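Colleague: Sequence below, structure please.
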Amino acid sequence: MAAAEPAKRRPSTSRGTTRRPADGKAAPSRSGGAARAIRSAVEQLGLLLGQPPESVSAIKPTDGGWEADVEVLELERIPETTSVMATYRVTLDEEGDLVAYERKHRYTRGQIDRR
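Modeller: Predicted structure coming up:
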């Protein structure tokens, strides 16, 4: 009877390792980076606008850092469902510093997406 072949191992893709892009410079690890980027976006945008952001509705890594959509209460009204909210697109560099932001959309709190 022939001996069984050992199982072939797949190359591991471990999280938290440093990647090397084509230019040879070490890129920062993305492990835990999204949570750190969210905190940074919320804190810095709140300071710039003078309003504390309510939530982060999207975040994605980019070649140079992170991009996040942050929801902010712009005008409080009664009832709450008529309060004016805004979605801001925030761009962070690799260190988590805010490099750009813009208001993308305004809506009432009670509004739902129509798609």
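Colleague: so E95 sits in a helix?
Modeller: No: secondary structure of E95, determined by DSSP: H, G, I helix; E, B strand; the rest coil: coil, with no helix assignment.
Colleague: and it, what pLDDT?
Modeller: Looking at E95, its pLDDT stands at 90.
Colleague: A4 now?
Modeller: For A4, the model assigns a pLDDT of 55.
Colleague: again, but for D69
Modeller: D69 carries a pLDDT score of 97 in this model.
Colleague: Okay, and it sits in which element?
Modeller: Assigned by DSSP states H and E, D69 falls within strand 65-75.
Colleague: Strand partners (parallel or antiparallel) of that strand?
Modeller: strand 53-62 (antiparallel), strand 84-93 (antiparallel) (DSSP bridges).
Colleague: pull the CA atoms of the following helix or strand past the last one into CSV?
Modeller: Downstream of strand 84-93, the next assigned helix or strand under DSSP H and E is strand 98-108. Presented in CSV, the C-alpha positions along strand 98-108 are these (Å, rounded to 0.1, in the frame of the first residue of the first chain):
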residue,chain,number,x,y,z
LEU,A,98,-8.6,64.5,8.5
VAL,A,99,-7.4,65.9,5.1
ALA,A,100,-10.8,66.7,3.6
TYR,A,101,-14.6,66.7,4.2
GLU,A,102,-17.7,67.6,2.3
ARG,A,103,-21.4,67.5,2.9
LYS,A,104,-22.9,65.0,0.5
HIS,A,105,-26.6,64.9,1.4
ARG,A,106,-29.2,66.6,3.7
TYR,A,107,-32.4,64.9,4.8
THR,A,108,-34.9,64.9,7.6
